[in-house]
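Trainee: One predicted model, sequence on top.
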Amino acid sequence: MARKFFVGGNWKCNGTAEEVKKIVNTLNEAQVPSQDVVEVVVSPPYVFLPLVKSTLRSDFHVAAQNCWVKKGGAFTGEVSAEMLVNLDIPWVILGHSERRALLNETNEFVGDKVAYALAQGLSVIACVGETLEQREAGSTMDVVAAQTKAIAGIHAYLLVFITKLQRNGLLGIFFLHRTSFLLVMTDRVSNWSKVVIAYEPVWAIGTGKVASPAQAQEVHDELRKWLAKNVSADVAATTRIIYGGSVNGGNCKELGGQADVDGFLVGGASLKPEFIDIIKAAEVKKSA
Ligand SMILES: O=C(CO)COP(=O)(O)O
């Protein structure tokens, strides 16, 4: 199954109702490749979700920018996965680096959120990415692998089978005579087709300092290999890995042309008309 190009627009904490209506109008009027070629998902702040959902063209979808880690209740300021499902919001972005850095979301916490959101039926854009210090220290792959491992919720269990006990008559105690071990690996993601991994190097977010196509391709390729090794060859081949960090109308085609770049998560440029050009970058895959 080919990986359909995916373009997400993360509006972050921006916009007034008037501005949001203007962006939606621009999107609604745009000529873009069909849904068979590109999947478009925009992510307004929570309060604008109903407005965008009810006015946006039906071939584009909406995502929340976060949701709570478990069932709703006494969690002031939070929005639950159940509420998103209730409003028919199909997608949620989880683990964005801004939340990891500013709100101290750990790998484990993000992993728990992903598992809970998926269990409620949401599709998840799960973000990973290294800081500049981590890249300069040569630990990019270790960092994104650890983040992806928590998202996948991989746990290893060592099962020990005792097949024979032997009694020492003199001492009156039993010794293990024959044991065998089985290492079982499980992951918590029941449906990988509902997960898109967004590789967003922190140093490229909102800085205008985009990763080079080769840098993006290198990490995407490594992430795909990681999925093949730790989840399955099928999941590695079918899961979309998108790039985020200073994507714009000028650099999107070259980035999107990389073999393992399956689309984008766009911040600043998703608030501007050039988002249309970024959606159109999906054509590079069709002609590849
Ligand atoms: O964080 C991002 C998308 O989630 C990227 O932001 P920018 O495109 O503004 O760099």
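Mentor: Cool, got the structure.
Trainee: for the nearest residue to residue 46 once chain neighbours are set aside, helix, strand, or coil?
Mentor: Excluding its sequence neighbours, the residue lying closest to residue 46 (C-beta to C-beta, 6 or more residues apart in numbering) is residue 79, at 5.7 Å. Using the backbone N, CA and C atoms, a C-beta is placed for each residue, glycine as well. Secondary structure assignment for residue 79 (DSSP: H, G, I helix; E, B strand; the rest coil): coil.
Trainee: In this structure residue 79 contacts residue 45, no?
Mentor: No. With contact defined as C-beta atoms under 8 Å, residue 79 does not count as touching residue 45 (10.7 Å).
Trainee: Tell me which of the two has more neighbours.
Mentor: residue 79 (19 against 15; other C-beta atoms under 10 Å).
Trainee: Now do the contacts for that one.
Mentor: 46, 64, 66-68, 72 (C-beta atoms under 8 Å, 6 or more residues apart in numbering).
Trainee: What about this structure, which residue is the most distant from its middle?
Mentor: residue 170 (61.2 Å; C-alpha atoms, centre = their mean).
Trainee: partner strands of the helix or strand where residue 241 lies, parallel or antiparallel?
Mentor: Assigned by DSSP states H and E, residue 241 belongs to strand 240-244. Neighbouring strands of strand 240-244 in its sheet, by DSSP bridges, are strand 195-199 (parallel), strand 263-266 (parallel).
Trainee: Can you list the buried residues in the helix or strand following it?
Mentor: The helix or strand immediately downstream of strand 240-244 is helix 252-256, counting by DSSP H and E. Neighbour-count burial for helix 252-256, counted by 16 or more other C-beta atoms under 10 Å, picks out 252, 255-256.
Trainee: circling back: how about the strand holding residue 241 as CSV, C-alpha atoms only?
Mentor: Extracted C-alpha coordinates of strand 240-244, given in CSV (Å, rounded to 0.1, in the frame of the first residue of the first chain):
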residue,chain,number,x,y,z
ARG,A,240,3.7,7.9,7.2
ILE,A,241,6.7,9.9,8.5
ILE,A,242,6.2,13.6,7.9
TYR,A,243,8.7,16.4,8.4
GLY,A,244,8.1,19.6,10.3
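Trainee: Do any residues in it lie close to the ligand?
Mentor: Yes. Strand 240-244 is in contact with the ligand by C-beta under 6 Å from any ligand atom, via residue 244.
Trainee: How far away from the center of its chain is that strand?
Mentor: 8 Å (C-alpha atoms, centre = their mean, to the nearest Å).
Trainee: what does it rub up against?
Mentor: Identification of contacts with strand 240-244 by C-beta under 8 Å, 6+ apart yields 3-4, 6-8, 10, 125, 127, 129, 196-200, 204-205, 211, 216, 220, 223-224, 255, 260-267.
Trainee: In strands only, show me these.
Mentor: Judged by DSSP state E, the subset of the contacts of strand 240-244 located in strands is 6-8, 10, 125, 127, 196-199, 263-266.
Trainee: related to what we said a few turns ago, could you flag which of the contacts of strand 240-244 are buried?
Mentor: So, by 16+ other C-beta under 10 Å, the buried ones in the contacts of strand 240-244 are 3, 6-8, 10, 125, 127, 129, 196-200, 204-205, 211, 216, 220, 223-224, 255, 260-267.
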